[in-house]
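**Student:** model this:
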Amino acid sequence: METTIKRNIALILIVFLGITACENSKEEITTGLEGIVYRGPINPVEMEGQVNDAPFSALFRVYNLKNKLITSFSSNAAGEFMVMLAPGNYKIIPDNSAPIMGAELQIKEVTVNAVGITNINLYFDTGIR
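**Tutor:** As a prediction, this is how the structure comes out:
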C-alpha cells in the first residue's frame with residue numbers, strides 16, 4: 001500500500017511539473033503594430049492645402065497569410081491603435097461596420113518587424129467622389 005501511495009504521489013508530481021513546464025514555455029509577445037487609421041476622401045472636392053482624410057474608430061481583424069484569424073483590435077476616435085503580434089506578415093481587414101466603402105475588400109498587408117513595435121498608418125477609401 002505504501003508503494004501505491006508513493007507511486008500516486010510521484011505521478012501527481014510528474015503531471016504537475018509537466019503542466020507547469022508547458023505554461024512557462026509560452027513566450028510573451030513583445031512585438032506588434034501601432035499607428036493611426038485614416039479614411040478618405042472625406043470631401044467630394046479636394047481643395048489644395050486642405051487635408052481630405054480623417055482618423056476613425058473601427059474594429060479590425062488580423063489574419064495570417066493563410067487566412068487564419070489571429071486576433072482583432074479596435075482603433076479609438078483619434079484613429080489610434082496598438083496590437084501585439086509575433087513578427088511576420090499579416091492581413092488587416094476592417095469590420096463591415098467600419099465607416100468606409102466595401103470594408104471587407106480593403107485588405108492591408110503589413111509586416112511586423114522582428115524587434116519592437118512597428119509603426120504604420122493605414123489608409124482606407126470612403127468611396128466619396
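
**Student:** Which parts of the protein are strands?
**Tutor:** 32-40, 54-55, 59-64, 69-74, 80-84, 88-94, 108-112, 117-119, 122-125 (DSSP state E).

**Student:** and residue 46, which of the ones you listed is closest to it?
**Tutor:** strand 32-40 (9.5 Å; C-beta to C-beta). Just so you know, the C-beta spots here come from the backbone N, C-alpha and C atoms, and that holds for glycine as well.

**Student:** That closest one vs strand 59-64, what angle?
**Tutor:** For strand 32-40 against strand 59-64, the angle between stretch directions is 130 degrees (axes from the mean of the first three to the mean of the last three C-alpha atoms, to 10 degrees).

**Student:** helices or strands next to strand 32-40 in the packing?
**Tutor:** With contacts defined as 3 or more C-beta pairs under 8 Å, 6 or more residues apart in numbering; DSSP states H and E, strand 32-40 has these neighbours: strand 54-55, strand 80-84, strand 108-112, strand 117-119, strand 122-125.

**Student:** The same query, at a cut-off of 10 Å, please.
**Tutor:** If contacts are counted by 3 or more C-beta pairs under 10 Å, 6 or more residues apart in numbering; DSSP states H and E, strand 32-40 sits against strand 54-55, strand 59-64, strand 69-74, strand 80-84, strand 88-94, strand 108-112, strand 117-119, strand 122-125.

**Student:** okay, the strands of the chain in a markdown table with mean pLDDT and mean neighbour count next?
**Tutor:** Shown next, in a markdown table, are the strands of the chain (pLDDT from 0 to 100; neighbours: other C-beta atoms under 10 Å):
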| stretch | mean pLDDT | mean neighbour count |
| --- | --- | --- |
| strand 32-40 | 98 | 20 |
| strand 54-55 | 98 | 16 |
| strand 59-64 | 99 | 17 |
| strand 69-74 | 98 | 13 |
| strand 80-84 | 98 | 17 |
| strand 88-94 | 99 | 18 |
| strand 108-112 | 98 | 15 |
| strand 117-119 | 98 | 15 |
| strand 122-125 | 98 | 18 |
